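Novice: sharing a sequence plus its predicted fold:
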Amino acid sequence: MPVSKKPIANRKRKRHMLPSCRSCSTHTRCLLHEASKQQIWKMFTTGIPLQEKDGIFPRHKAPFITFVLGGPGSGKGTQCAKIVETFGFNHLSAGDLLRKEIASNSEYGSMILDTIKEGKIVPSEVTVKLLRREMELSDNHKFLIDGFPRSEENRRAFEEIMEAEPDVVLFFDCPEEEMVKRVLNRNQGRVDDNIDTIKKRLKVFEALNIPVIDHYAKRGKLHKINAVGSEDEIFEQVRPIFAAYQHEAK
Ligand SMILES: Nc1ncnc2c1ncn2[C@@H]1O[C@H](COP(=O)(O)OP(=O)(O)OP(=O)(O)O)[C@@H](O)[C@H]1O
Ligand SMILES: O=c1ccn([C@@H]2O[C@H](COP(=O)(O)O)[C@@H](O)[C@H]2O)c(=O)[nH]1
Ligand SMILES: [Mg+2]
């Protein structure tokens, strides 16, 4: 049975369920309070619910993490939307989080913009920090992490900082010619949807992302999907993967 994403209002309320931050200057309730983070992640990684005495409301479920990988334009975002609709995951697109940082003029904004224009990879600590913040704020324990990790260094940073590994890894396998065609037709005004940047992104994908895919193949976590066909045809390959995990991920 599909589980819909919780409304933003509920996510905001979650902040107020966390203890006050004594170490920040404003003394407001603050997600960056180290003790809170450690408590949340202790619970996330051990699966042991926190008690009232731990300072935050108990949560009862360990995270169920899916990494969604594939080249530029292979259809990751499109299929994630279908997975969310059918299986009720929280979709975290690393690229979208980075683009939000640019739009919000954050301290990393101009560095991220330059990196994306060049089709290169943003430093792991920046991306992992953004993912971690979203995961901490989420009322949903089922995560689809789209477009990350992009390199072995990204993968190691995530696993070390989060003390967690993915349960499932999807790889949307698509020929380069098809990916280029899709990206050039995407028409969403992305600064990297031009032929020069696409060529660079494809090179980076081959050199740095394929080793991550190989790593998870060796660990028996990889599900390779033929990403050519209609969106619905492709989703029919994805559906049984999550149907099989539905009991575990509930
Ligand atoms: N099966 C498909 N057949 C044809 N076009 C598709 C298919 N799936 C997605 N598309 C289209 O291709 C484009 C790229 O898809 P999408 O944004 O989902 O890819 P992505 O893997 O998330 O790319 P990126 O890594 O660049 O974010 C979009 O315009 C989308 O509508
Ligand atoms: O983990 C990540 C994810 C993305 N990037 C940068 O963003 C662009 C666009 O990413 P999409 O997944 O295609 O939306 C990507 O080419 C990288 O430059 C990143 O550095 N790290
Ligand atoms: Mg995408």
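Specialist: Perfect, thanks for sending it. Ligands and ions are numbered 1, 2, ... in the order given.
Novice: which element, helix or strand, includes Ala217?
Specialist: Taking DSSP states H and E as the definition, Ala217 sits inside helix 210-218.
Novice: buried residues in that helix, which are they?
Specialist: Using 16 or more other Cβ atoms under 10 Å as the test for burial, helix 210-218 gives 212-213, 215-216. From N, CA and C alone the C-beta is placed, and that goes for glycine too.
Novice: and the residue of the protein nearest ligand 2?
Specialist: Gly95 (2.1 Å; Cβ to the nearest ligand atom).
Novice: so the spatially most central residue of the chain bridges to which residues?
Specialist: Per Cα atoms, centre = their mean, the C-alpha nearest to the average position across the chain is that of Ile145, at 2.2 Å. Beta-bridge pairing for Ile145 (DSSP bridges): Phe67, Leu92.
Novice: got a list of what it touches?
Specialist: 65-68, 92, 94, 131, 166 (Cβ atoms under 8 Å, 6 or more residues apart in numbering).
Novice: helices or strands up against the longest helix seen in the chain?
Specialist: The helix that spans the most residues within the chain, counting by DSSP state H, is helix 231-249. Helices and strands touching helix 231-249, by 3 or more Cβ pairs under 8 Å, 6 or more residues apart in numbering; DSSP states H and E, are strand 64-70, helix 76-87, strand 168-173, strand 222-226.
Novice: check whether the second one contacts ligand 1.
Specialist: Yes: Helix 76-87 is in contact with ligand 1 by Cβ under 6 Å from any ligand atom, via 76-78.
Novice: which PyMOL command selects the buried ones in the residues you listed?
Specialist: Entered in PyMOL, the line below selects the buried ones among the residues of helix 76-87 next to ligand 1, by 16+ other Cβ under 10 Å:
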select buried, resi 76+77
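Novice: could I get the residues of helix 76-87 next to ligand 1 as JSON lines with distance to Arg182 and pLDDT?
Specialist: Below are the residues of helix 76-87 next to ligand 1 laid out as JSON lines (distance: Cβ to Cβ, whole Å; pLDDT from 0 to 100):
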{"residue": "Lys76", "distance to Arg182": "11", "pLDDT": "99"}
{"residue": "Gly77", "distance to Arg182": "11", "pLDDT": "98"}
{"residue": "Thr78", "distance to Arg182": "9", "pLDDT": "98"}
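Novice: what residues does the chain have near ligand 1?
Specialist: Counting by Cβ under 6 Å from any ligand atom, the chain comes close to ligand 1 at 70, 72-78, 95, 147, 182-183, 186, 229-231, 234.
Novice: and those residues, which are buried?
Specialist: Neighbour counting by 16+ other Cβ under 10 Å classes 70, 72-77, 95, 147, 182-183, 234 among those as buried.
Novice: out of those residues, give me the two with the largest separation.
Specialist: The most widely separated members of these, counting by Cβ to Cβ, are Gly95 and Ile234 (19.5 Å).
Novice: right, so the helices and strands packed on helix 231-249: which one is the most enclosed?
Specialist: Highest mean neighbour count of the helices and strands packed on helix 231-249: strand 64-70, a mean of 25 (counted as mean count of other Cβ atoms under 10 Å).
Novice: residue contacts, Asn90?
Specialist: 5, 84, 134, 138, 140, 142-144.
Novice: for the protein, which spans come out with low pLDDT?
Specialist: Scanning the chain for pLDDT under 70 picks out the ranges 1-60, 249-250.
Novice: give me the domain ranges for it.
Specialist: 18-62, 63-241 (automatic domain parsing).
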